[in-house]
Every structure is written in C-alpha cells, then in structure tokens.
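K.L.:
take this sequence and fold it.
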Amino acid sequence: MTTLSIKAIAAALLLGGSGLVMAANDGQSRANELLSADKQYRETWQSVVKKEERLPEWVMNLSGTAEQMNAVQEDGEKYLVGPLCETADTCLNKRLIVAFSYDKEDAYAMLVQVPAGLPADKSPTRHADYRFIGKPNEGMQKLLMEQLKKDPNWY
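P.N.:
The predicted model follows:
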C-alpha cells in the first residue's frame with residue numbers, strides 16, 4: 001500500500017511538473033516571429049489575410065513590435081494570443097491582437113486603430129475602430145477584446 005501511494009505521488013508530481021514546463025513555454029513566442037519560425041503559422045496566416053481587403057503591410061506580414069504571447073482557452077480550445085504594434089511609438093494608435101490555435105490550423109486577429117493626435121483626456125476605447133480578421137465567432141471576439149483591455153494604457 002505504501003509503495004502504491006509513493007508511486008501515485010511520484011506520478012502526480014511528474015504530471016504537475018510537465019504542466020509547469022508547458023506554462024513556462026507559453027510566453028516564449030512573439031507574433032512578429034511566428035511567420036519566420038514556423039511554416040504552418042505562415043500558411044495559416046496567409047490564408048486568413050488573402051481574404052481581407054486593404055490591410056496594412058505590417059498586418060499582412062505580422063511585422064512590427066510585439067510582446068510575448070500567452071496561452072488562452074476559448075470554448076475548450078487553446079490559443080496562443082498576443083499583441084503586435086506597427087511600431088513601439090504608434091502602439092496606442094495602431095495595434096493588432098493575434099490568436100493562433102495550438103494546432104496552427106486557425107488564426108484570428110483584431111486590428112485596432114485610434115486617430116493620431118487624440119488628446120490625452122480622450123478615451124482611446126471610445127474613438128477606436130475595431131476590425132476583426134479571420135471571421136472570429138462571438139467568443140473569439142470577446143477573447144481578443146479582453147486581451148486588449150489588459151493593456152494599462154487602454155481605458
């Protein structure tokens with residue numbers, strides 16, 4: 001009996017440890033590195049943006065300034081989600097929130113544009129233009145909006 005419980009404890013520790021390893025890897029990717037790092041990400045993103053009209057080049061190529069991406073769940077599916085800005089200086093005005101499914105089969109994004117020169121006392125939320133890319137369902141749209149709201153400069 002003692003041997004069985006020690007084995008059970010060891011197995012639980014091993015399983016828990018592998019979860020920690022996965023969590024540690026969650027923030028290692030950046031949206032501006034995905035297309036060059038993995039052919040499948042590139043193919044999925046290209047299939048999404050080819051159906052869109054008038055996207056800026058930095059959105060088409062996922063180039064610009066990016067922060068680390070995080071693992072997020074939506075409707076039982078895992079996604080790698082993170083922000084991308086045209087440049088660090090224009091991040092408040094031009095940003096993209098990107099979500100790729102873990103299997104790299106699906107990609108969604110929300111392009112957020114705020115008029116340049118908006119006075120500091122004006123809320124960017126009220127003056128922003130939101131454009132969803134990849135035809136995300138309502139749940140995915142909420143997920144993308146929640147990611148945007150995590151920015152302390154977004155009010």
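
K.L.:
output the below-cut-off pLDDT ranges for the chain.
P.N.:
1-27, 121 (pLDDT under 70).

K.L.:
in it, which spans are helices?
P.N.:
Here the chain has its helices, by DSSP state H, at 2-26, 31-37, 39-49, 57-60, 124-127, 138-149.

K.L.:
what residues does the fourth one touch?
P.N.:
Applying C-beta atoms under 8 Å, 6 or more residues apart in numbering, the set of residues contacting helix 57-60 from outside is 49, 63, 64, 84, 86, 94, 96, 109, 111, 133. Any C-beta I mention is one placed from the backbone N, CA and C, and that applies to glycine too.

K.L.:
run a quick neighbour tally on the first one.
P.N.:
Meaning residue 49. By other C-beta atoms under 10 Å, the residues close to residue 49 number 18.

K.L.:
can you tell me how far the residue nearest to it when sequence neighbours are not counted is from residue 51?
P.N.:
Residue nearest to residue 49 in three dimensions, not counting chain neighbours: residue 60, with 5.3 Å by C-beta to C-beta, 6 or more residues apart in numbering. Look at residue 60 and residue 51: by C-beta to C-beta, to the nearest Å, they are 12 Å apart.

K.L.:
got the contact list for the residue nearest in space to the middle of the chain?
P.N.:
Geometric centre of the chain, nearest residue: residue 81, 1.9 Å, by C-alpha atoms, centre = their mean. When contacts are counted by C-beta under 8 Å, 6+ apart, residue 81 touches 69, 70, 71, 72, 97, 98, 99, 100, 143, 144, 147.

K.L.:
now tabulate the residues you listed in CSV and tack on distance to residue 29 and neighbour count.
P.N.:
Shown next, in CSV, are the contacts of residue 81 (distance: C-beta to C-beta, whole Å; neighbours: other C-beta atoms under 10 Å):
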residue, distance to residue 29, neighbour count
69, 5, 24
70, 9, 15
71, 10, 15
72, 13, 17
97, 14, 25
98, 10, 30
99, 12, 24
100, 9, 27
143, 17, 21
144, 17, 27
147, 14, 21
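
K.L.:
next, format these as JSON lines and append distance to residue 137.
P.N.:
Converted to JSON lines, the contacts of residue 81 look like this (distance: C-beta to C-beta, whole Å):
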{"residue": "69", "distance to residue 137": "20"}
{"residue": "70", "distance to residue 137": "20"}
{"residue": "71", "distance to residue 137": "19"}
{"residue": "72", "distance to residue 137": "15"}
{"residue": "97", "distance to residue 137": "15"}
{"residue": "98", "distance to residue 137": "16"}
{"residue": "99", "distance to residue 137": "12"}
{"residue": "100", "distance to residue 137": "16"}
{"residue": "143", "distance to residue 137": "10"}
{"residue": "144", "distance to residue 137": "11"}
{"residue": "147", "distance to residue 137": "16"}
